[in-house]
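>>> Predicted model follows, preceded by the sequence.
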Amino acid sequence: MFSIGIALLVTFFVSVFIIPFKTALIFYQENTNHISAFLPIEKGEVFQIIFTHSIHLTDVVEKYKITDDLGMEQFEIVYEHFGIGMPSNALEGEEFVYEDGKYHVKNLDNFFPSLNIRNGKTVSENRLIWGTADEPENGHMVWFNQYFEPGAWFRLKVEKLTLWNYLKGVRIHE
């Protein structure tokens with residue numbers, strides 16, 4: 001009887017500490033394995049990162065979809081002004097359009113296993129939106145400054161969290 005109890009206890013701790021159970025967009029602090037924050041998310045869901053361009057001080061929206069292999073597919077970028085780092089046309093297979101006062105590069109086919117993101121230091125207005133691709137006003141939004149210091153940088157990855165990491169971590173929510 002005693003050995004069954006120990007076996008159950010060991011099984012419980014193994015499941016809590018080792019077995020991943022929940023997919024999340026994870027913000028790892030710099031080049032470490034330290035989880036600064038995470039957003040529970042599933043395959044096929046979308047998220048957007050909005051940052052203020054440091055030169056022309058207008059929003060740039062990058063839209064991503066979680067792939068089946070837990071990567072991130074960038075499928076659109078939206079901005080108001082041409083400038084450093086902003087595309088002026090579309091590549092083959094992409095679509096470049098001007099809608100509602102903004103430039104859109106659609107049908108992007110950019111895949112990333114991870115992203116390096118810096119929270120703005122001088123202009124710190126970065127945002128994370130999730131829950132919808134085409135109607136951000138119907139999604140959920142948080143400001144990076146609610147979770148991160150201005151100037152901090154992170155490596156974003158989509159991975160499965162263990163129950164332990166889920167419980168001890170900082171969950172991003174509205």
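In hand now; what should we look at?

>>> Contact partners for the residue nearest the centre of the chain?
What sits nearest the mean C-alpha location of the chain, by C-alpha atoms, centre = their mean, is Leu25, with 5.3 Å. By C-beta atoms under 8 Å, 6 or more residues apart in numbering, Leu25 lies in contact with Phe38, Leu39, Ile41, Phe47, Ile66, Trp130, Leu156, Lys157, Val158. Every C-beta, even on glycine, is put in place using the N, C-alpha and C of the backbone.

>>> again, only using 10 Å
Listed by C-beta atoms under 10 Å, 6 or more residues apart in numbering, the contact set of Leu25 reads 37-41, 45, 47, 64, 66, 70, 72, 115, 128, 130, 156-159, 172.

>>> phi, psi of the closest residue to Ala152 other than its chain neighbours?
Leaving out its chain neighbours, the residue that sits closest to Ala152 by C-beta to C-beta, 6 or more residues apart in numbering is Asn119, at 5.0 Å. For Asn119, the backbone dihedrals (degrees, to the nearest 10) come out as phi -80, psi 130.

>>> Buried ones only from the contacts of Leu25, please, as a PyMOL command.
This is the PyMOL syntax for the buried subset of the contacts of Leu25, where burial follows 16 or more other C-beta atoms under 10 Å:
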select buried, resi 37+38+39+41+45+47+64+66+70+72+115+128+130+156+157+158+159+172
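
>>> Of the contacts of Leu25, which belong to strands?
Per DSSP state E, strands hold the following members of the contacts of Leu25: 37-40, 47, 64, 66, 72, 115, 128, 130, 156-159.

>>> ok, those residues vs Leu108, which is closest?
Lowest distance from Leu108 to the ones in strands among the contacts of Leu25 (C-beta to C-beta) belongs to Tyr64, with 9.7 Å.

>>> Against Leu167, how distant is the residue nearest to that closest one when sequence neighbours are not counted?
Nearest residue to Tyr64, sequence neighbours excluded (C-beta to C-beta, 6+ apart): Met72, at 4.6 Å. Counting by C-beta to C-beta, to the nearest Å, the gap from Met72 to Leu167 is 25 Å.
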